[in-house]
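**Student:** test case, fold it:
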Amino acid sequence: MSQRDVVIVGAGAAGVGASMLLERAGVPHVTLEAQGRPGGRAFTDQINGVAFDAGCHWFHSADRNPLRAIADKLGHGYRKPHEWPARPAFIDGRWVGPDERDRFDEHIWSTFDIMAQAGATPPDRPASAVVDLAAPWGRNRRHWIELMTSVSPDGVSVADYAAYDDTGVNLAVRDGYGALVARLAKDLRIHLSSPVERIETKRDGVRLSGPFGVIEAKVAIVTVPVAVLASGAIAFAPALDASLLAALDGVPMGHYEKAVIAFDRLCLDIPDGDALPYCSILSPSNPKDRPINVQVHPFGRPIAITDLAGDTIREVLAEGGPEGFTAFVVDRLAEAFGGAVRQRVIAATSTGWTANPFIRGAYSCARPGRAGERARLVEGTVTERVLLAGEASSANAMSTAHGAFLSGIAQARRAARLTGGADVDPAILWS
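**Tutor:** Coordinates of the predicted model:
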C-alpha cells in the first residue's frame, strides 16, 4: 500500500477496465475494493452448486462490446445466436398460441419504441406520460419498463432512455458475466475488503484513508455506484460541488433483484423451448397482477431465474422480505407448470443489491426533466485530481457492464496523461 501514481476506488467493471489500461500504460497504481470480491454488480454466484449471474448477465450491443471480444480471446462461453429466444407466454391461465404470443411480444417491444421516439425530441417527460399503462396489458408494460430501467414508469426520463444506444445484438453469457470480470481482475493489483472512507485533494495529489490506513497518490479514479456517492459513505475534501450533487440527485439508481429457484431435476416443460428459454406469466384480467418473466432452466441447468424491479420489487420485499419474494415466484411457477413443481424445489435464494451498503441499488436512470444532468457524471471530475467512472458516467451505454468498463478505461487514459504515463490505444486490451 505504498504511494502510487493512481489509486482506483472500486473493482467493478469500471475499476477493472481502468486497471487493465494503466497496466498497459506502465502507470504504478493500486485498486481498493470495499467488498471481499471484485466485480461489483457483475457477480456469478451459485445455488446448490449451480452457477447463475446475480447481476449483469447479457453482453449488450455484443457486436461492439469489448468484453464480448475479450470473452472470445479467453474462450469464455456465451449464447452465439443473436436472435431473441422464443418467449412462450402463460396468460390468464393458459399457454397462448404462436400468433397471440407474437402479438404479446410486439406489445412489449412497442413500449420501448414509444419511449425512444418520445425521448428523441423535447420536452423530456416521464415514461408514464407517453406509454398507455391503463391498457389491458398495462401492468406488463410497467413490469418491462421497470426491468429495462430499474425504475417505475413515472420516474423514468424518456430523454435519458432515448440516449441509450443499442445495436440489438444482446447475448446471454453462459459462463457468467461476473466470472468473466473476476477472471480479468485475477492478476491486477486489487486490495479487497478495503473500503475508502475519505478522499482529500491536496495541491499535488490525493490522500485516501480507510481501515487500510492512508495512501497517497497523484490521481484517484472513483468507480463506486452513484448511490454510494450520494449516500455520503465516502467523505470528500473539498466537498462535492453543487453541480455534482445535483447530478447525483438527478440521475439516481433504481432497484432490481433476482429470485433463483433450484430444482432436483429439470422439471419445467414449456412450448417451443430452446437452450435459453424465457417465458412470461401474467394475468391481465387481474388489476393487481404482478407479471413475471422467467429464465427456464438456462443453458440446461436445473434452476429458474425471475427478475423484478422498480417499485414492484420494493413492494414485494416490503410485504414478505426475501422469503416472500421467492415464495411469490414459486407460486407463479406452480400456476403455469402445475403444483407438482413445488415438490421439485430444493433451494431458493434472492439477491440483495439495494441492501448491500457498497452497492445500494441497481443501475442509474435519470429523473424526468433531468436527463441533461448525466453530462456532469460523464464529464467525470470531482476535482482536477479525482475522476469519476462507472455505468452512470457512460453517455450512451449507461446501466451496462461494458459502459462501465469503457468509462473506466477513458478515465485511466486521462490519469495516465496527468501522471506522465504512456497513452495506450485501449483496443489493445481486446483486439
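
**Student:** who's sitting farthest from the centroid in this protein?
**Tutor:** Within the chain, Arg203 marks the point farthest from the mean C-alpha position, 35.9 Å out by Cα atoms, centre = their mean.

**Student:** how about the contacts made by Cys365?
**Tutor:** 149-151, 155-157, 160-161, 251-254, 399 (Cβ atoms under 8 Å, 6 or more residues apart in numbering). Backbone N, C-alpha and C define where each C-beta goes, glycine included.

**Student:** so how far is Arg385 from the residue farthest from the centre of the chain?
**Tutor:** 9 Å (Cβ to Cβ, to the nearest Å).

**Student:** tell me the secondary structure for Leu418?
**Tutor:** helix (DSSP: H, G, I helix; E, B strand; the rest coil).

**Student:** you'd agree it is up against Val219?
**Tutor:** Yes. Applying Cβ atoms under 8 Å as the test, Leu418 and Val219 come out as touching, 5.3 Å apart.

**Student:** overlap in contacts, the two.
**Tutor:** Arg385.

**Student:** neighbour-wise, which of those two wins?
**Tutor:** Using other Cβ atoms under 10 Å as the criterion, Leu418 and Val219 rank with Val219 on top: 27 against 16.

**Student:** that one belongs to a helix?
**Tutor:** No. Read with three-state DSSP, Val219 is strand and lies in no helix.

**Student:** surely Leu184 touches Pro66?
**Tutor:** No. Judged on Cβ under 8 Å, Leu184 makes no contact with Pro66 at a distance of 10.9 Å.

**Student:** so for those two, which sits in the more crowded spot?
**Tutor:** Legend: neighbour count by other Cβ under 10 Å for Leu184 and Pro66, higher for Leu184 (23 against 18).

**Student:** so what's that one up against?
**Tutor:** So Leu184 contacts Val16, Met20, Ile70 (Cβ under 8 Å, 6+ apart).

**Student:** what do you get if the cut-off is 6 Å, keeping everything else the same?
**Tutor:** Val16 (Cβ atoms under 6 Å, 6 or more residues apart in numbering).

**Student:** helix, strand, or coil at it?
**Tutor:** Under three-state DSSP, Leu184 falls in the helix class.

**Student:** and it, how far from Thr400?
**Tutor:** Relative to Thr400, Leu184 is positioned 16 Å away (Cβ to Cβ).

**Student:** and the residue nearest to Ala235 when sequence neighbours are not counted, how many neighbours?
**Tutor:** Excluding the flanking residues, the one nearest Ala235 by Cβ to Cβ, 6 or more residues apart in numbering is Arg198, at 4.5 Å. The local packing of Arg198 (other Cβ under 10 Å) involves 13 other residues.

**Student:** shouldn't Arg198 be in contact with Ser209?
**Tutor:** Yes. Arg198 lies in contact with Ser209 (Cβ atoms under 6 Å); the separation is 4.7 Å.

**Student:** shaky segments in the stretch 201-350 of the chain?
**Tutor:** 271-276 (pLDDT under 70).

**Student:** helices of that one, start to end?
**Tutor:** 226-231, 242-250, 310-337 (DSSP state H, counting those that start in this stretch).

**Student:** ok so, going back, can you pull the pLDDT of the residue nearest to Ala235?
**Tutor:** pLDDT for Arg198: 98.

**Student:** that one and Ile234: what is the separation?
**Tutor:** 7 Å.

**Student:** check Leu406 too.
**Tutor:** 23 Å.

**Student:** more neighbours, these two?
**Tutor:** Set side by side, Leu406 and Ile234 show more neighbours around Leu406, with 23 against 19, by other Cβ under 10 Å.

**Student:** same for the helix or strand hosting the more buried one, what does it pack against?
**Tutor:** In this assignment (DSSP states H and E), Leu406 forms part of helix 401-419. For helix 401-419, the packing partners by 3 or more Cβ pairs under 6 Å, 6 or more residues apart in numbering; DSSP states H and E come out as helix 13-25, strand 213-222.

**Student:** tell me which of the ones you listed sits most buried.
**Tutor:** helix 13-25 (a mean of 28; mean count of other Cβ atoms under 10 Å).

**Student:** direction included, what does the helix or strand following that helix pair against?
**Tutor:** Downstream of helix 13-25, the next assigned helix or strand under DSSP H and E is strand 29-32. Counting by DSSP bridges, the strands paired with strand 29-32 are strand 4-9 (parallel), strand 190-191 (parallel).

**Student:** leaving out the residues flanking it, which one is nearest to Val9?
**Tutor:** Leaving out its chain neighbours, Val9 is closest to Val222 (Cβ to Cβ, 6+ apart), at 4.6 Å.

**Student:** could you do Phe52 as well?
**Tutor:** Val260 (5.5 Å).

**Student:** gap between that neighbour and Arg41?
**Tutor:** Val260 is 16 Å from Arg41, by Cβ to Cβ.
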